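Student: Can you look at this prediction? I've put the sequence above it.
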Amino acid sequence: MSRYEERLADSFERAISNKTSKGKTLLGRANYEVAEKINDLIGIDVLNRTHILTDYDIRHIIKRHGNSIAEFQRKQIVIEKRDVLNIIDIINNPDKIIRGNINRTEETIRYIKSYEDNTVFVVELVPKNNNYLKIKTMWKKPSALTNDKVPSSTSKTKGSVISSTSDSTISKKKIAVNNSNIQKKRK
């Protein structure tokens, strides 16, 4: 366990046991690959910035996404201590980083990491002028709900239709089919 992981484990215990604690945990500097991707997405250089997670945000994550009833209704999986302790790996080795929403006046990014049975999302604030990247929240969804090859709806579910970015989807363009060996049915 790295010193950052040890600090995060201590911070988790402090945040949960003391509802008024105001600590913040340094989780290490943004690595080159992550910093380059963030710069490409939002145009902010974060190479020398440090990831932080506050006790308040640990409590928010557990209160908001650690409730089994609420997460079931959202079609999400409950966040547990081990998920929070895994944040360091997620932010350093994400499968994908995407631009998030603007939180008040600050940009956010989402780190996405897929596992065998779930996909984890970690949201981080990226202030324009600050030495920190502040983790705000996280949630977890079953992999079947986050796979871009799975349709968001079917004719039976009548959900909203969304576009997929997958290379294996059917094109919306109408193309001519030549030499396809398709023959007209004779009467």
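Tutor: Cool, the structure landed. Numbering: from 1, shown residues only.
Student: quick one, what contacts the spatially most central residue of the chain?
Tutor: By C-alpha atoms, centre = their mean, the chain has its centre lying nearest to F121, at 2.1 Å. Contacts for F121 were tallied using C-beta atoms under 8 Å, 6 or more residues apart in numbering; they are R110, Y111, I112, M138, W139, K140, K141. Every residue, glycine included, has its C-beta placed from N, CA and C.
Student: what residues are up against the fifth one?
Tutor: By C-beta under 8 Å, 6+ apart, the contact list for W139 reads H65, E71, R74, Q76, I79, V120, F121.
Student: Which among those residues count as buried?
Tutor: When these are checked for burial by 16 or more other C-beta atoms under 10 Å, the buried set is H65, E71, Q76, I79, V120, F121.
Student: Turn those residues into JSON lines, columns for distance to Y56.
Tutor: Listed next are those as JSON lines, based on distance: C-beta to C-beta, whole Å:
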{"residue": "H65", "distance to Y56": "15"}
{"residue": "E71", "distance to Y56": "20"}
{"residue": "Q76", "distance to Y56": "21"}
{"residue": "I79", "distance to Y56": "16"}
{"residue": "V120", "distance to Y56": "20"}
{"residue": "F121", "distance to Y56": "19"}
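Student: list the helices and strands the one helix or strand K63 maps to packs on?
Tutor: Assigned by DSSP states H and E, K63 falls within helix 55-65. On a contact count with 3 or more C-beta pairs under 8 Å, 6 or more residues apart in numbering; DSSP states H and E, helix 55-65 meets helix 3-17, helix 81-85, strand 132-142.
Student: And for stretch 32-49, what's in contact with it?
Tutor: Contact with stretch 32-49 is made by 29-30, 91-92, 94, 97-99, 107, 109, 126, 128, 130-133, as judged by C-beta under 8 Å, 6+ apart.
Student: can you pull the contacts of Y4?
Tutor: Going by C-beta under 8 Å, 6+ apart, Y4 touches T25, L26, L27, G28, I88.
Student: Output stretch 61-79 as PDB, restricted to C-alpha atoms.
Tutor: Below are the C-alpha coordinates for stretch 61-79, written out as PDB (Å, rounded to 0.1, in the frame of the first residue of the first chain):
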ATOM      1  CA  ILE A  61     -19.900  10.000  -1.700                       C
ATOM      2  CA  ILE A  62     -21.100   7.600   1.000                       C
ATOM      3  CA  LYS A  63     -24.200   9.500   1.900                       C
ATOM      4  CA  ARG A  64     -25.300  10.000  -1.700                       C
ATOM      5  CA  HIS A  65     -24.100   6.800  -3.300                       C
ATOM      6  CA  GLY A  66     -23.800   4.400  -0.400                       C
ATOM      7  CA  ASN A  67     -27.500   4.000   0.100                       C
ATOM      8  CA  SER A  68     -28.700   0.700  -1.400                       C
ATOM      9  CA  ILE A  69     -32.300   1.800  -1.900                       C
ATOM     10  CA  ALA A  70     -31.400   5.100  -3.600                       C
ATOM     11  CA  GLU A  71     -28.800   3.400  -5.800                       C
ATOM     12  CA  PHE A  72     -31.200   0.600  -6.800                       C
ATOM     13  CA  GLN A  73     -33.700   3.300  -7.900                       C
ATOM     14  CA  ARG A  74     -30.900   4.900 -10.000                       C
ATOM     15  CA  LYS A  75     -29.900   1.500 -11.500                       C
ATOM     16  CA  GLN A  76     -26.500   2.000  -9.800                       C
ATOM     17  CA  ILE A  77     -24.400  -0.100  -7.400                       C
ATOM     18  CA  VAL A  78     -23.700   1.000  -3.800                       C
ATOM     19  CA  ILE A  79     -20.400   2.700  -3.200                       C
END
